[in-house]
Each structure stands twice: as C-alpha cells, then as structure tokens.
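J.: Sequence first, then the predicted structure, then my questions.
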Amino acid sequence: AQSALDAAQAAQDLNAFLHIDPALTLAQASAADAAIAAGTAGPLAGIPIAHKDAFVTRGWRSTAGSKMLADYVSPFDATVVERLQQAGAVSIGKLNCDEFAMGSGNENSAFGVVRNPWDPAAVPGGSSGGSAAAVAARLVPAATGTDTGGSVRQPAALCGITGIKPTYGTVSRYGIIAFGSSLDQAGPLAASSRDALALLDAMSGFDPRDATSVERCDGAVNEPGRIRRDFDAAQSRYDGAGARPLAGLRIGVPAEYFGDGLAADVQAAVEAALRQFEELGAVRVPVSLPRTELAIPAYYVIAPAEASSNLSRYDGVRYGHRAAEYGDLNEMISRSRAEGFGDEVKRRILVGTYVLSHGYYDAYYLQAQRLRRMIAQDFQRALGEQCDVIMGPVAPTVAKDIGENRDDPTADWLADIYTLGVSLAGLPAMSIPCGFGQGSHARRPVGLQIIGNYFDEGRLLAIADRYQ
Ligand code: GLN
C-alpha cells in the first residue's frame, strides 16, 4: 500500500488521482494484514485498488468530478466500496472522472483533464478516465469505474487495458452518484481478464438497497462467487484441442460496426484480433444490428432525461455547493446550480428537461423508449439464435488529442456509437486491448469489444482470457 501511495503521489502529471489520504489507506492496509495473519483474509487481501470518484466513500471526498460536490464527504460507503473492502482490497484514493460521468474524454471534469499514459497529448477516454489512466500507468493493478453508455469499455480501450460492464442489475448502484439510473452499472478496469474477474466477482451480488438489483441470474443466486463459477465452467468448456481452445465458439460480427465512421487503423487492429480468434478455433458469423446508429439519439434522449431528474437534488439546500450571495430561495437554487454545474451537465439537463416536458414527451421520450426495446430485440435475435458472442470495435478511432473536440460537444456523442446499444439493452460487454493505431497514432491503443448475452460475464472473461 505504501509503494502504491508513493507511486500515486509521484504521478501528479497524469491528474488521475483527485483525493489521496495516506492515513485512511494505511488503516485499511493494516486491517488487511491482520486478516492475513488471522487466516481470515478475503480473496483480495492487501491488493491496492482505487475508486472512481462517482462512488461515495466514507472519509475521502466524493465529488463525481463536479464543483457541485467539491467539498462533499459521504457519511457512508457505496456497496461496491464496502464489498471490495470486505474482500480485503486496500483503497489508494479516488480517481478523476467526467462530471457526473458525462463525457468520453475526461475533459468535462471540474478538476482538469487526465492524460493518457501512452501519449500525454491524448485523452484517456471517459468518463472513467482517471481509472483507466491509473491502471495503464501501473499505479494500481485495478480500479472501479461506472458505465452508463460506455464509460468502462471506452477508457479501457483508449488506455490499452481490460474493462468489463456486467449485465444491468448485477452490481449494486447503491452509493454510486446517479447519472442515468436505468443504465448506470459499475465494473472494474484492470490489467487482465483474470484481474477484472477477481474484482467483478467480489463487487457483484444482490443488494436490497438497490431497487433494480437482480436476485437471481439464470437460476443461480446473484452473489459473490457466481461469476467465478461461470468463468471456471467456461474455461473447461473452452479447453478444446490444444491450439484451438475456442473450437465451436460462434462470433457474431455486425456489419454496422464496420461502417464508414470506423478509422482504418482501428479496423485493421480489430480484424487482426478476429483472425486470431479464428486461429483459436472460433468461427465468424455475419450478423446485423440494424439500429446501431439509432442508439445515439435514443441514448441521448433517455440518459439526459434521467440525469435531469437525478440532478434535481443538487439545490444548494441539503448538500453540495451553495452560492455565497442570493436574494430569495429561488435565486439561491438557481445561482447554486449555475455556479456548481459545468457546461456539459447543463446541456444534458436542458435536453432532459425538454424531452420530458408536456407536449414533447410523446415525440421524444416515448419514441426513444420504443427504440430502446427494438435495439434490445436486435441483440436478442443475434445472440439468441445466430452467435454466442458479438465482437467489434469499442470506439471508432483511437484516443483524440486533448482539446480536439472542444468546440463541438456532439462529436463525442457520435463516437459512442458502438457502446450505447449494449447499455440500452442492459447486456454485459468488455473491452480488451488488441493493438495500436498507425502513423502518428502508433502509441494510441485500440480495444476489441466482446458482447455477451445476459449474465454471460463469466463466459466473456474466460473467452478474453484465452486470447490474452
Ligand atoms: N459518453 C457517454 C456519455 O457521455 C457515456 C458516459 C458513461 O458511460 N458514463 O453519456
């Protein structure tokens, strides 16, 4: 723990860590040491990790990357934080992220951009950019993130590490500062599938404090140990003959994920990975996800709608930033919000309030909900009948330069095209490193996305492990 703390403190230039408190960390470390000595240690005893600042933590500040919560210290731990601590993990601190997890480059944080450890001119991806950068820079072996529309998978891809978003409902949302509640799901970012498995297995499980937490997954109880058992079962299933361990695996390759917007260097790296999977025994099956592009408008109606509702709690009354000067109560609330929220958050609140308002609700919000259902059905057609997993790119390009999209906020929205559909459908999906860009982008990593059917996270991790 001490050497991880030293490394985190020495890596200021990345701006990945927002809050470090050595006394808190060392107290957790000695508790872990005591558990090891007593023979009661959990599976992650003594392993240094760090949490995205969207998870509330007792002791450390919890800001979700927002000025609104700059001084907020939670009186309780999120379920994920609690479970990882029970498993013995030692938290090194809190990690930078886009404000309220809204963004794809960590450029929307009130506390500054995070640099990509592979190339300091590049963004690390977002919104879990601090988590991805901290793992890629080897400051911690694993970190937590949240994924509402891609925020675990995309920063993992852009930083060349492994990240997994489990099936919606697998991991408790209790104590995760809310963005879009029907989409938010936590997942680990780690150096390998096996490390991601260790974290995900410990963080998952039914939690009565989250109304959408799932109690049973495909007949099994949703509890720590379930994903590891599924992983082990898949490992023995995919032990095939010698060099072809994945014999029989059907990989669906959606034509729509290889369209015009996909950069040539990303396509080349993803194609090379698919060929390697074929060498491991898998077969490619062409599939179609015809509403891939429509996931963008559907998501950017539903997520802002939910965000506008979730963020109404920041009124300067109960907690969070309060303006220093105001006349009456209304002015106090509006000034506190005007000062506390950044531009992207205000943009989402405006969109969300608009699509939920009388007269527009049917035209936008209900239409988006219909699309959401059709997108989920498209995935079921492919995964239920034609293939076992779907593979494709995570993002259409390698990491952008810091500042590249500053004047065009919707450019980032369009780049979420390959991750949003999975989130709308609630499916599990992961990102694994599969190469690098070309030319001046030769140091910018490319991620391969592997999408599974509901509750297939253990299987996805086992398949990725065969490749890694
Ligand atoms: N980039 C998407 C957004 O800005 C997804 C963010 C996320 O998954 N938290 O909404």
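T.: Nice, I can see it. Numbers count the residues shown, from 1 in each chain.
J.: mind listing what Pro297 touches?
T.: With contacts defined as C-beta atoms under 8 Å, 6 or more residues apart in numbering, Pro297 is in contact with Ala368, Leu371. C-beta here means a position set from N, CA and C on the backbone, and glycine is covered the same way.
J.: Kindly apply the preceding question to Gly219 instead.
T.: Counting by C-beta under 8 Å, 6+ apart, Gly219 has no contacts.
J.: Could you measure from the residue of the stretch 201-350 of the chain found nearest the ligand over to Ser431?
T.: Taking C-beta to the nearest ligand atom, the ligand has its nearest neighbour within the stretch 201-350 of the chain at Ala303, 5.4 Å off. If you measure Ala303 against Ser431 using C-beta to C-beta, to the nearest Å, the figure is 20 Å.
J.: So if I had to pick from those two, which one is more boxed in?
T.: With other C-beta atoms under 10 Å as the criterion, Ala303 and Ser431 differ in neighbour count, and Ser431 comes out ahead with 35 against 28.
J.: and the more buried one, that one's in a helix?
T.: No: according to DSSP: H, G, I helix; E, B strand; the rest coil, Ser431 belongs to no helix; its state is strand.
J.: Quick check: bridge partners of it?
T.: For Ser431, the beta-bridge partners are Gly163, Gln449 (DSSP bridges).
J.: dump the residue contacts of it.
T.: Residues near Ser431 by C-beta under 8 Å, 6+ apart: 152-154, 156-157, 162-164, 394, 447-450.
J.: how about a cut-off of 6 Å?
T.: Taking C-beta atoms under 6 Å, 6 or more residues apart in numbering as the definition of contact, the neighbours of Ser431 are Arg153, Ala156, Ala157, Gly163, Val394, Gly447, Gln449.
J.: Also Val114?
T.: Val114 neighbours (C-beta under 6 Å, 6+ apart): Asn15, Ala16, Asn96, Asn106, Pro124, Gly129, Gly130, Ala133.
J.: Looking at the residues you listed, which are in helices?
T.: Using DSSP state H, the subset of the contacts of Val114 located in helices is Gly129, Gly130, Ala133.
J.: Show me which of those is closest to Pro224.
T.: The shortest separation between Pro224 and any of these is 25.5 Å, and it belongs to Gly130 (by C-beta to C-beta).
J.: Counting neighbours, what do you get for that closest one?
T.: 34.
J.: Quick check, it in contact with Gly93.
T.: No: between Gly130 and Gly93 no contact is recorded; they are 9.7 Å apart, counting by C-beta atoms under 6 Å.
J.: tell me the strands in the chain, going along the chain?
T.: Taking DSSP state E to define them, one finds strands in the chain at 17-19, 48-52, 90-95, 142-147, 162-165, 185-190, 216-217, 220-221, 250-254, 283-287, 389-393, 429-436, 445-451.
J.: how about the residues of the chain near the ligand?
T.: Proximity of the chain to the ligand, by C-beta under 6 Å from any ligand atom, involves residues 101-104, 127, 147-151, 179, 303, 416.
J.: Which one (most neighbours) among those residues?
T.: Neighbours were tallied for each of the residues of the chain next to the ligand (criterion: other C-beta under 10 Å), and the maximum of 37 neighbours falls on Ser151.
J.: Just give the nearest non-adjacent residue to it, would you?
T.: Among residues not flanking Ser151 along the chain, Ser127 sits closest, at 4.2 Å (C-beta to C-beta, 6 or more residues apart in numbering).
J.: Next up, phi/psi of the spatially most central residue of the chain, please.
T.: When C-alpha atoms, centre = their mean is applied to the chain, the residue found nearest the centroid is Val152 (2.1 Å). With angles defined as degrees, to the nearest 10, Val152 shows backbone torsions of phi -100, psi -50.
J.: residues in contact with it?
T.: Contacts for Val152 (C-beta under 6 Å, 6+ apart) come out as Ser128, Gly145, Gly163, Lys165, Gly187.
J.: please redo it, this time with the cut-off set to 8 Å
T.: Listed by C-beta under 8 Å, 6+ apart, the contact set of Val152 reads Ser128, Ser131, Gly145, Thr146, Gly163, Ile164, Lys165, Gly187, Pro188, Leu189, Ser431.
J.: same thing with Gly426?
T.: Residues near Gly426 by C-beta under 8 Å, 6+ apart: Thr167, Tyr168, Gly169, Ala376, Tyr454.
J.: Just put the ones in helices among the contacts of Val114 in JSON lines and tack on distance to Gly248 and pLDDT.
T.: Formatted as JSON lines, the entries for the ones in helices among the contacts of Val114 read as follows, by distance: C-beta to C-beta, whole Å; pLDDT from 0 to 100:
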{"residue": "Gly129", "distance to Gly248": "38", "pLDDT": "98"}
{"residue": "Gly130", "distance to Gly248": "40", "pLDDT": "98"}
{"residue": "Ala133", "distance to Gly248": "38", "pLDDT": "98"}
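J.: Let me see the confidence value for the nearest residue to Gly261 once chain neighbours are set aside.
T.: Setting aside the residues directly before and after it, Gly261 is nearest to Pro396 in space (C-beta to C-beta, 6+ apart), at 4.8 Å. At Pro396, the predicted lDDT confidence score is 98.
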